[in-house]
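Asks: Just to be clear, the model below is a prediction. Sequence and coordinates:
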Amino acid sequence: MITNRKQAEEGFIGTIEAAAAAGADFIILREKDMKDAALERLAREVKKAISGSGAELIINTSLNVARNVGACGVHMTFADFMECDVEMIRQEFNIGVSVHSLQEAEAAVKKGADYILAGHIFQTDCKAGARPRGIEFIRRIRKALPRVKLIAIGGIMPENARQVISAGADGVAVMSLVMKSANSYEEVKNLAKSLKY
């Protein structure tokens, strides 16, 4: 699950805690407008909220915050990743990268990304007006990069999640589905159930 506190319907920390309890594997803390000091305080709250659930914390962009709170990984934009020192970062963290084309996916994997987040797959309010790439995008990446850990994002719901898994994704990531929900626990449970059948 990727966070956006501005979308949270049932309280930000409560939403994350419920999603983790329902089975979310990873929480990517992605609050791009926050300075490191505030982000670190929030990250500590999130880490406490998900403690014992099995979910792990990934920090978007900030290595310092990830290091200070003991996150398991960092997530980066493609542009940031291509400029970073992968070997140095890998000594401490798993590294995820957002990609929006096959060329970006190939470049990220070649440089050493541990996983790629590919999207957006379906229409989503988060990318209003932008044309979705569709499940064919997942098929193309999987064919070109058979061993990469591939996560699909963008308009993922219980009704379509199985399609992206069948197309070759290893998993799915969501933001609005859970953050905007009045019952994030049930949303995550329903999504997880849809992936099993």
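Replies: Nice, I can see it.

Asks: Could I get the buried residue list for stretch 9-24?
Replies: E10, F12, I13, T15, I16, E17, A18, A19, A20, A21, A22, A24 (16 or more other C-beta atoms under 10 Å). The C-beta positions use only the backbone N, C-alpha and C, and glycine is treated the same way.

Asks: Please narrow those to those residing in helices.
Replies: Secondary structure defined by DSSP state H assigns F12, I13, T15, I16, E17, A18, A19, A20, A21, A22 of the buried residues of stretch 9-24 to helices.

Asks: Sketch out the helices for the protein, chain order is fine.
Replies: Ranges of helices in the chain, per DSSP H, are 12-22, 36-50, 63-69, 78-83, 86-90, 102-111, 135-144, 161-167, 176-179, 184-195.

Asks: Which one of those lies nearest to Q123?
Replies: helix 176-179 (11.3 Å; C-beta to C-beta).

Asks: is Y115 in a bridge, and if so with what?
Replies: G96, K149 (DSSP bridges).

Asks: tell me the contacts of it?
Replies: Residues near Y115 by C-beta atoms under 8 Å, 6 or more residues apart in numbering: N94, G96, V97, V148, K149, L150, I151, D170.

Asks: need the contact list for A182.
Replies: So A182 contacts E9, E10 (C-beta under 8 Å, 6+ apart).
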